[in-house]
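A.B. asks: Give me the fold of what follows.
(3 chains)
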Amino acid sequence: MSIERTEKRLGAGLAAPALLWTGAFFVLPFAAMVWMSLGHLEGRTVVPGPDLGTYARIFTDPSLYKGIRVSLEITATVTVLSVLLAWPLAWIIATRVPARWRRLALLLAVLPFWTSYVVRSYSWALVLGEKGVIMNALTGLGILAEPVQILATRAATVIGFTHFFVMLLTLTIYSNLVQLSPNYARAAEDLGASRWQVIRLVILPLTLPGVMTGAFLTFVLCIGDYITPQILGGNNELSLPQLIMLQLGRRGDYPLASGLSVVLMVMVTLAYAACARWLKMERV
Amino acid sequence: MRYLSWAYLAVMFGFILLPVAVLVVFSFQDGRLPVPPFNGPTTEWYAKVLGDRDLMAALGNSMLVALLSSAVALALGFLAAAGFAQTRLPGGALMRGLIIAPMTVSYLIIGLGLLQMFNWAGVRPSLMATGIGHVVINLPLCFAILSAAIGAPQKSALKAARDLGAGEAQVLLLILAPMIAPSLAAAFFLSFTFSWDEFIIAFLLTRFDVTLPVEIWSMLRSGLSPETNAVGSLVFLVSVLLVVTLELALFRKASK
Amino acid sequence: MTADVEIRAVEHRFELFTALHRIDLSINAGEFVVLLGPSGCGKTTLLSLIGGFLTPSEGQILIGGRDMTHVGPKLRPTTTMFQDYALFPHMTLRDNVGFGLRMRGMARRARDAKAMEMLAMVGLDDKAGRKPHALSGGQRQRVALARALAAEPDVLLLDEPLGALDLKLRRQMQDELKSIQRRVGTTFIHVTHDQEEAMAIADRIVVMNAGKIEHCGTPEEVYLRPRTLFSANFMGELNRLPVRPDGSGVASPLGPLPVPPSEGILCLRPESVGLTGSFSLGRARLTEAAFFGAHHRCHFAPLSAPDMRLVAHLPQGSHPEIGAEVELFGRDPVILPEAA
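C.D. replies: Residues are numbered from 1 along each chain as shown, chains lettered A, B, ... in the order given. Now for the predicted structure:
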């Protein structure tokens, strides 16, 4: 047997456990879910398909397809808002803050990133509630006569999400910014660019990979999250993950929950296809 | 421009740190509601939390699941990364893609799929099932971090070790693992945090023995309470200590 | 488009150490000057000061007679070619080269025409629509040059631009830089640590060490008549003999030598030692020889000081034999005081 073949066997042998695990506990469950989505519920028992009844229901029942729209709207708002807020933050930390304070500033800017997801949403419920800190301050200062309801509206969900994803994007954009040679900005300035032109024409385009990586992660994590809308958004309008969990709890409607999950999966895949070009963009 | 920068920095720090600050401050609330006005400090809620059996049990469960699932994910990721570094495998890109794939899928979908498969197979929801799910989400992470750490210098060191007569296990344990030790630590730490914090998979795949996020979740059902603040603050404190330790231990060393 | 540069008593301190100690230097308009020295000698700091990326702690910098000490890089009549080129990876070559003109508000059509002209000068006009990552190292270097020159600077600053290229390509680019500089007439100030590169391109070489100028002169002057031991050493290989005055000549380990009396180190380049010359170094035995193409590189042990080694370049046609005893001669001797 040739040396190359021995090496290949060895390599494949080392990779095998990981592949088997992923196959058994990721691919197989996913296939099971797709198969389940092709069945339907009669009474409390699942009748195996294949039929497309579940998908027909998802795209004709307003209470279901509205969930898709709600999720997409929230996710789009959060992604755009987070990028707009995070870019200047990352840029200020990377270029304006003196070098010795930089790591500390970054650590502070993403500190709550490391706390429990459930606790973070709960904290925002504390802050945004009718008796919470913000309403107290606003009514106390006489800016508002009456507390305004934010909690249990979409605004609360968006604020909670944006809080988390600003931190995530600050991390990805910051790491992109510090990898850029300082000579890019110097060269542009040397050739007569104003400070604003340096940012707009050179630095901003060069951070697109970091922005797109962060935006894609934001999209995936945001559209599939159940906790934040459940704790902060209430039950007035349901996002897709809330709908999925509702099917499991109420009637044990596994086919519908699976069908909605497949739809969720398709949306994430489409987002990936849209971003793939940027996620792989080579840096010169 | 300079003042604008500092103002923006201050506003964003305020936005980012506000909820955590409120959480911690009102965990010391002397009263039944963690909202203003602040009635003065008390540590009674912390005492209550530390005496709460369910919470402490959940904490232990979380620790167990996080440690074991991260260890398994790290081992599998390390072997796979080493395997792909050895040689070009036929269909390598496809296999890499397969290992990485769970990273781009919502946890909800992974949890739901496992729940249904376990139902079919007659496996009861348990900490074990949760741990299996956590390995699925952390394996791609470990694989990606470790693959990135194995560059040209590591590959030639592996060749040199084999040339000098080292066996495969020796090559992996004596050469590769020490060379990428910081990345191994980082991958383990990240996996641990993600597992420690993970809610939806644990929620779907546990029933009687639950993990900490699931236990906190059930506390939320009874509304706002300084006790929840106290738990949250403790969890936050632990994470911050971990992050700061890692920062000091790993990044300082790397930057020198 | 060219201007002279006047550096007056410039001193530059970073937090803990002084990078430049009171430097004075005049550079004529249209001159090709090379700042040469080992890393950390202050040559890149000096270039950054001329380019406006640093402000000197003390002293003045004049370009074309105007005081530029406190003017930013944007408003200086200088452009810099960076060591890593800093080509904008998201722009085509045409847009990279036209960037300076765009900043000046030139309309697209006009600046594209000018960019194409500059790209043609460096032989890359056929690749104008490509992006930098599609180019080889040498091509990127050419684009960086075109971009810097398109802005029509009076002074072009080059920060080790050939460092990343392999030897053969470096020699070729040296010739190209030199001929382009002659054509455009712009003042070039070029930083390098490679003394052969310096000699190949410079009108004048400024040898720097530890924040000071050691020697400033034409390549011949700096190589053949170095002013300090440091620059003599840095410019190339050297045989060093400690000498002291003795009558009308000097005393050396090889015995008395008929050179003007002086105390210090007698420096002889390997090519100034051979079988003929202006004064005898006494008899020596050949211990090692290697053929280098243009010459034989030989080690000799003088009979009067058998532990010493003299390196000599003997011509191609000579057939040195190990162990042979010959009489060695020297020429072009330089005696320099030992470094303090």
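
A.B. asks: who does the worst-scoring helix or strand of chain A on mean pLDDT pair up with?
C.D. replies: Across the helices and strands of chain A, mean confidence by mean pLDDT, DSSP states H and E is lowest for strand A:45-47: a mean of 78. Here strand A:45-47 has these sheet partners by DSSP bridges: strand A:40-42 (antiparallel).

A.B. asks: Can you tell me what sits against the partner strand?
C.D. replies: For strand A:40-42, contacts defined as Cβ atoms under 8 Å, 6 or more residues apart in numbering or on different chains pick out A:46-47, A:49, A:51, A:53-54, A:251-256. Yep, even glycine has a C-beta here, placed from its N, CA and C like the rest.

A.B. asks: correct me, but residue C:99 touches residue A:197?
C.D. replies: No - look at residue C:99 against residue A:197 with Cβ atoms under 8 Å: they stay out of range, at 9.7 Å.

A.B. asks: now the stretch 151-300 of chain C, which segments are flagged as low pLDDT?
C.D. replies: For the stretch 151-300 of chain C, applying pLDDT under 70 flags no range at all.

A.B. asks: So is the single longest helix found in chain A next to chain B?
C.D. replies: Longest helix of chain A, by residue count under DSSP state H: helix A:62-91. Yes - using Cβ under 8 Å from any Cβ of the partner chain, helix A:62-91 comes into contact with chain B via A:85, A:88-89.

A.B. asks: Where does chain A get nearest to chain B, which residue?
C.D. replies: residue A:224 (2.5 Å; Cβ to the nearest Cβ).

A.B. asks: swap that for chain C, please
C.D. replies: Residue nearest to chain B within chain C: residue C:72 (14.4 Å; Cβ to the nearest Cβ).

A.B. asks: check contacts around whatever residue of the stretch 51-200 of chain B ends up closest to chain A.
C.D. replies: In the stretch 51-200 of chain B, the residue that lies nearest chain A is residue B:106 (2.5 Å; Cβ to the nearest Cβ). Applying Cβ under 8 Å, 6+ apart to residue B:106 gives the contacts A:220-221, A:223-225, A:241, A:264-265, A:268.

A.B. asks: change it to 6 Å
C.D. replies: Each residue near residue B:106 by Cβ atoms under 6 Å, 6 or more residues apart in numbering or on different chains is listed here: residue A:224.

A.B. asks: before we move on, back to that, and the pLDDT for the residue lying closest to the residue of chain A closest to chain B once chain neighbours are set aside?
C.D. replies: Nearest residue to residue A:224 in three dimensions, chain neighbours excluded: residue B:106, at 2.5 Å (Cβ to Cβ, 6 or more residues apart in numbering or on different chains). Predicted confidence (pLDDT) for residue B:106: 89.

A.B. asks: and the gap between residue B:106 and chain C?
C.D. replies: 32 Å (Cβ to the nearest Cβ, to the nearest Å).

A.B. asks: Kindly list the main-chain dihedrals of that residue?
C.D. replies: phi -60, psi 140 (degrees, to the nearest 10).

A.B. asks: Ok, the one 3 residues further on next?
C.D. replies: Summarising the backbone geometry of residue B:109 under the convention degrees, to the nearest 10, its torsions are phi -70, psi -40.

A.B. asks: So residue C:243 belongs to a helix, correct?
C.D. replies: No - secondary structure of residue C:243 (DSSP: H, G, I helix; E, B strand; the rest coil): strand, not part of a helix.
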